[in-house]
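A.B. asks: build me a model from this:
(one chain, ligands or ions: 1)
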Amino acid sequence: MAERSPEERAEELRELVAYHNHRYFDLDDPEVSDAEYDELVRELVALERAHPELVVAASPTQQVDGARSGLFAEVRHRTPMMSLDKTTSYEELQAWGRRMERFVLGGSNYVCELKLDGLAMSLLYEGGRLVRAATRGDGEVGEDVTANVATIAAVPVRLGGPAPEVVEVRGEVYMTVDAFDALNRQQAEVGGRTFVNPRNAAAGSLRQKDPTVTAGRELSFSAYQLGELTGGPAFRYHHETLEWMSAAGFPVSPYTETVTSLAEVDRYCAEWADRRHTIGFEIDGVVVKVDDLAQRRELGATSKAPRWAIAYKFPPEEKNTLLRDIMVSIGRTGKATPFAVLEPVVVGGARVGLATLHNEDQVRAKDVRPGDTVVVRRAGDVIPEVRGPVLPLRPAGSTPWSFPTACPVCGSPLQRLAGEADTYCINVECPGQQVQRVTHFASRGAMDIEGLGERTVALFCREGLLHDVADIYSLDLERVTTFEGFGPLSVANLATAIEASKARPLARLLVGLSVRHLGANTSQLLAAALGHLDRILAASEEEMASVEGIGPVIAASAARFFALPRNREVVERLRRAGLNFAGPARPDLPQVLVGMSVVVTGTLDRWSREAAEAAIKARGGKSPGSVSQKTTAVVAGAGPGGAKVGKAVQLGVPVIDEAAFERLLETGELTTG
Ligand code: IVH
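C.D. replies: Prediction:
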């Protein structure tokens, strides 16, 4: 194919960008992710920069994006609502800052704000009363959504304090993550369509003909920019306008900071890239603004955006990709979980090819179908999630996906009980379940048998060597040596690992047995309270429920499990194999942590947060929720928790990993490395 000329490519990009603007702003139904859109715009900007002759007035780079839905009356903004220049690199952000410093005399302060992910809104007050709320539209003309916006509790209908003749306040209408989740739950309950993200939910809630619908949605507002002002106080700085808006009754972000150097701008961006998931609402970057309003006037604007501000955008956490198929996996309890098989995509810093769809109702509420283009989200440490389909790209003739009626592994009927969300394969002999149960038993959080991963277990099950967890201890190792890939050394290692597992503490064994509802934490509690598997076998449901932290559901499930002859038989075979059935119970524990205060943060591999804290307390230590000078050590797992680690480093408190934590529990001594 002949290469396209820059002119042709620019034309093509202009059309694409205009089309995606239409989808995003007019229809609230974007077809591409923000990152993909930004990529197109960046390419167009670069092309126009290299070939200035290609710039035409109609190019989206010369206009403020956004448009109108046609549902509401049009309003012309008295001062245009401009967009912001965006960057995704620190270097570009710094280059912008250096341009500012060169241009303005005497240096400059910056106001750093969070970039809220919602909809820009202009609120006009006359004599202190809200007279008009308008969307941005194309920046020149927006839509009159006063009746809807007036239902948002955070938007004052009357201003507090002495009111200026006319004042325009600009800010963002958004939805908190909790409100978004609640709305989606509610939508799912009534069989409605769920929203793919809080921004779409906020937009959809605002673009309603009937304001009572908007009133029923939990929308929030945050003010970040003062527009027109007549008959009010004179301001020299942006931060003063924020203070004034706050005093007048507008919510203003408490996370805004006025800083005096570019280094601090950098620090703010880095801090918020890390903290973005700790605040309960979505942000997609940081907005940096020159604080001095006289300097702003000097700097002016291009036709599209002011020169005195820039948006630093975080790496995207949402991408669109193809949903190749929906399949069902069978877990160790027989639970049949639907999952998405995706065209692999890198999102939120990881490659995502599979994502759970949880259960039948979730698939129905999202109405995702094989062949759909779907929005995939992976934020921080959270597992990847399919948010929903991109409807305009749905292939013609597609039909809703339906849950299979037979187990994909053993073919027996799947069962979903009335009132339950999950579907189960109820054949205990199902090879799918057997493999999962044995794999779980051997996993790191349970008996930790190295070399006995899912693939090996599946092979041994297929070959008839393993049926249940007790078979591990009478494994025919002679046979194993005849399998491909199992040399004498690896078989010897496997034998050693199996032998070593016999001594694991009772709590690990309980975890390994796959008792429904009994997890790492509750296993620790039960093991500590009853001290021996025989006492658990003998305990009544009530006795177990009387253990602190063990609820009636867990107690009932454990009692049911140990009453089943099949499970009793497995336990007896484990006893004969020489497994440790003993505690340790709480009083027997060496009190090695007396006087120590150990804070746990992030996600550990082998301990839930609760179990780790219980283990500290069981040894006489304290485990508070925050770091102070008195803290002995901070145990840092993966993922969120950066703030506590930061505080520890600041105070000189040792930060230790999981291995050092386990040594600490054993010996009471702090070691590192
Ligand atoms: S200031 C002329 N501040 O980002 C500057 N915008 O593309 C006007 N946004 O449409 C915007 N948080 O919807 C500003 N703290 C913040 C913001 C913010 C989010 C949005 C706003 C605007 C878009 C810029």
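
A.B. asks: C-alpha only now, for contacts and for neighbours.
C.D. replies: Noted.

A.B. asks: H532 and A507, how far apart?
C.D. replies: 10 Å (CA to CA, to the nearest Å).

A.B. asks: between these two, which one's more packed in?
C.D. replies: A507 (27 against 20; other CA atoms under 10 Å).

A.B. asks: got the contact list for that one?
C.D. replies: A507 makes contact with A520, S523, Q524, L526, A527, A528, G583 under the criterion CA atoms under 8 Å, 6 or more residues apart in numbering.

A.B. asks: go through those and name the one nearest the ligand.
C.D. replies: Nearest to the ligand out of those is A520 (CA to the nearest ligand atom; 41.5 Å).

A.B. asks: who's in contact with the closest one?
C.D. replies: Taking CA under 8 Å, 6+ apart, we find A520 in contact with G445, A507, R508, V511, W607, S608, A611.

A.B. asks: next step: the residues you listed restricted to helices.
C.D. replies: Counting by DSSP state H, those place A507, R508, V511, A611 in helices.

A.B. asks: closest to the ligand among those residues?
C.D. replies: Looking across the ones in helices among the contacts of A520 and measuring by CA to the nearest ligand atom, the closest to the ligand is A611, at 39.8 Å.

A.B. asks: secondary structure element holding the residue nearest to that closest one when sequence neighbours are not counted?
C.D. replies: Among residues not flanking A611 along the chain, N521 sits closest, at 4.6 Å (CA to CA, 6 or more residues apart in numbering). Assigned by DSSP states H and E, N521 belongs to helix 520-530.

A.B. asks: which parts of that helix are buried?
C.D. replies: Residues of helix 520-530 classed as buried: A520, N521, T522, S523, Q524, L525, L526, A527, A528, A529, L530 (neighbour count, 16 or more other CA atoms under 10 Å).

A.B. asks: can you name the residues in contact with the following helix or strand past it?
C.D. replies: As assigned by DSSP H and E, the chain's next helix or strand after helix 520-530 is helix 533-538. Under the contact criterion CA under 8 Å, 6+ apart, helix 533-538 has outside partners L506, A527, L530, M544, F562, F581, A582, G583.

A.B. asks: count residues in the vicinity of the residue of the stretch 351-500 of the chain found nearest the ligand, would you?
C.D. replies: Nearest to the ligand, among the residues of the stretch 351-500 of the chain, is A379, at 19.1 Å (CA to the nearest ligand atom). Neighbour count of A379, defined by other CA under 10 Å: 17.

A.B. asks: would you confirm that it contacts G348?
C.D. replies: Yes - the criterion here is CA atoms under 8 Å, and A379 meets it with G348 at 5.7 Å.

A.B. asks: between these two, which contacts overlap?
C.D. replies: The contact lists of A379 and G348 share E317, where a contact means CA under 8 Å, 6+ apart.

A.B. asks: spell out which parts of the stretch 501-650 of the chain neighbour the ligand.
C.D. replies: Within the stretch 501-650 of the chain, no position lies close to the ligand (CA under 6 Å from any ligand atom).

A.B. asks: any stretches of the chain with poor pLDDT?
C.D. replies: Along the chain, the model assigns pLDDT under 70 to residues 1-3, 25-26, 52, 55-70, 105-106, 584-588, 673.

A.B. asks: and the nearest residue to V347 once chain neighbours are set aside, what does it touch?
C.D. replies: Residue nearest to V347 in three dimensions, not counting chain neighbours: E317, with 5.6 Å by CA to CA, 6+ apart. E317 makes contact with V347, G348, R377, R378, A379, according to CA under 8 Å, 6+ apart.

A.B. asks: contacts only, for the closest residue to the ligand within the stretch 501-650 of the chain.
C.D. replies: Using CA to the nearest ligand atom, A643 is the residue of the stretch 501-650 of the chain that sits closest to the ligand, at 22.8 Å. Contact partners of A643, counting by CA under 8 Å, 6+ apart, are R275.

A.B. asks: buried ones in the helix or strand harbouring it?
C.D. replies: Assigned by DSSP H and E, A643 belongs to helix 642-651. Buried residues in helix 642-651, counted by 16+ other CA under 10 Å: G642, K644, V645, K647, A648.

A.B. asks: equivalent analysis for stretch 32-43, please.
C.D. replies: In stretch 32-43, counting by 16+ other CA under 10 Å, buried: V32, S33, D34, A35, Y37, D38, L40, V41, R42.

A.B. asks: what parts of the stretch 351-500 of the chain come near the ligand?
C.D. replies: The stretch 351-500 of the chain comes close to the ligand at no residue, as judged by CA under 6 Å from any ligand atom.

A.B. asks: tell me where the stretch 351-500 of the chain has strands.
C.D. replies: For the stretch 351-500 of the chain, the strands defined by DSSP state E, counting those that start in this stretch cover 373-377, 385-389, 414-415, 423-425.

A.B. asks: so which of the ones you listed is the most surrounded?
C.D. replies: Most buried of the strands of the stretch 351-500 of the chain, by mean neighbour count (mean count of other CA atoms under 10 Å): strand 373-377, with a mean of 25.
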